[in-house]
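Participant: Quick one, what's the 3D model for this:
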Amino acid sequence: QGVLVPGLGTFAVVHEQINGIEEVYVVRRPVFQLDMDTSCLRELVFPAVMIPGDIKIMPLDYWWLSQTNSLPPDVVRGCVEETILLYSFQLRDRQRPAFAFENIGILSCQDNVLCMQFHCSCVAGLESQDTWVALLLT
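Facilitator: The predicted structure is shown next:
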């Protein structure tokens, strides 16, 4: 399952098959598919990530988020929308702030490359059997 964060992109977990020397590994790893207004991304390069069509994409659940912080869902939605809008304005103005997602990773821009760097703990939490293979791929 994937989660669409409107105006920013989609987080998903994909299964990937890797052929080793003696065995085949199938690992679960996180991916992020950027979906921002391209006018924000002038002069920036970002990796093209394709999420397979068989992965169900769900919208961000503002009600669930509101339960984790005791704010009404409409307030949470407004905060998310304003934060993404601010981030896109900063990118447009050639500022390069990092955008941290707690327990997931950091969306950052280095040398004009905008990419999502997942925390090792996030990858390890998804793939307990072949963690090192998943970490190397991510």
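
Participant: Got the phi and psi for the most far-flung residue of the chain relative to its centre?
Facilitator: Ranked by distance from the centre of the chain (CA atoms, centre = their mean), the top residue is residue 22, with 32.1 Å. As for residue 22, its main-chain torsions (degrees, to the nearest 10) stand at phi -110, psi -10.

Participant: in the protein, which spans are strands?
Facilitator: 2-5, 9-19, 24-34, 57-59, 99-101, 105-110, 113-118 (DSSP state E).

Participant: Would you quantify the distance from the residue farthest from the centre of the chain to residue 90?
Facilitator: 48 Å (CB to CB, to the nearest Å). For glycine as for every other residue, the C-beta is placed from the backbone atoms N, C-alpha and C.

Participant: who touches the longest helix anywhere in the chain?
Facilitator: Using DSSP state H, we find that the single longest helix of the chain is helix 73-92. Residues from elsewhere that reach helix 73-92 (CB atoms under 8 Å, 6 or more residues apart in numbering): 5-8, 36-37, 39-42, 44, 60, 62-63, 65-66, 69, 71, 96-97, 99, 109, 114.

Participant: So which bits of it are buried?
Facilitator: For helix 73-92, burial by neighbour count (16 or more other CB atoms under 10 Å) applies to 76-77, 80, 84, 87-88, 91.

Participant: Could you export it as PDB, keeping only the C-alpha atoms?
Facilitator: Taking C-alpha atoms only, helix 73-92 is exported to PDB below (Å, rounded to 0.1, in the frame of the first residue of the first chain):
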ATOM      1  CA  PRO A  73      -8.600  16.700  11.100                       C
ATOM      2  CA  ASP A  74      -9.200  20.000   9.300                       C
ATOM      3  CA  VAL A  75      -6.400  21.700  11.300                       C
ATOM      4  CA  VAL A  76      -4.100  18.800  10.500                       C
ATOM      5  CA  ARG A  77      -5.000  19.000   6.800                       C
ATOM      6  CA  GLY A  78      -4.300  22.800   6.900                       C
ATOM      7  CA  CYS A  79      -0.900  22.300   8.600                       C
ATOM      8  CA  VAL A  80       0.100  19.600   6.000                       C
ATOM      9  CA  GLU A  81      -1.000  21.800   3.100                       C
ATOM     10  CA  GLU A  82       0.700  24.900   4.400                       C
ATOM     11  CA  THR A  83       3.900  23.000   5.200                       C
ATOM     12  CA  ILE A  84       4.100  21.600   1.600                       C
ATOM     13  CA  LEU A  85       3.300  25.000   0.100                       C
ATOM     14  CA  LEU A  86       6.100  26.600   2.200                       C
ATOM     15  CA  TYR A  87       8.500  23.900   1.100                       C
ATOM     16  CA  SER A  88       7.700  24.400  -2.600                       C
ATOM     17  CA  PHE A  89       8.100  28.200  -2.200                       C
ATOM     18  CA  GLN A  90      11.500  27.600  -0.600                       C
ATOM     19  CA  LEU A  91      12.600  25.400  -3.500                       C
ATOM     20  CA  ARG A  92      11.300  27.900  -6.000                       C
END
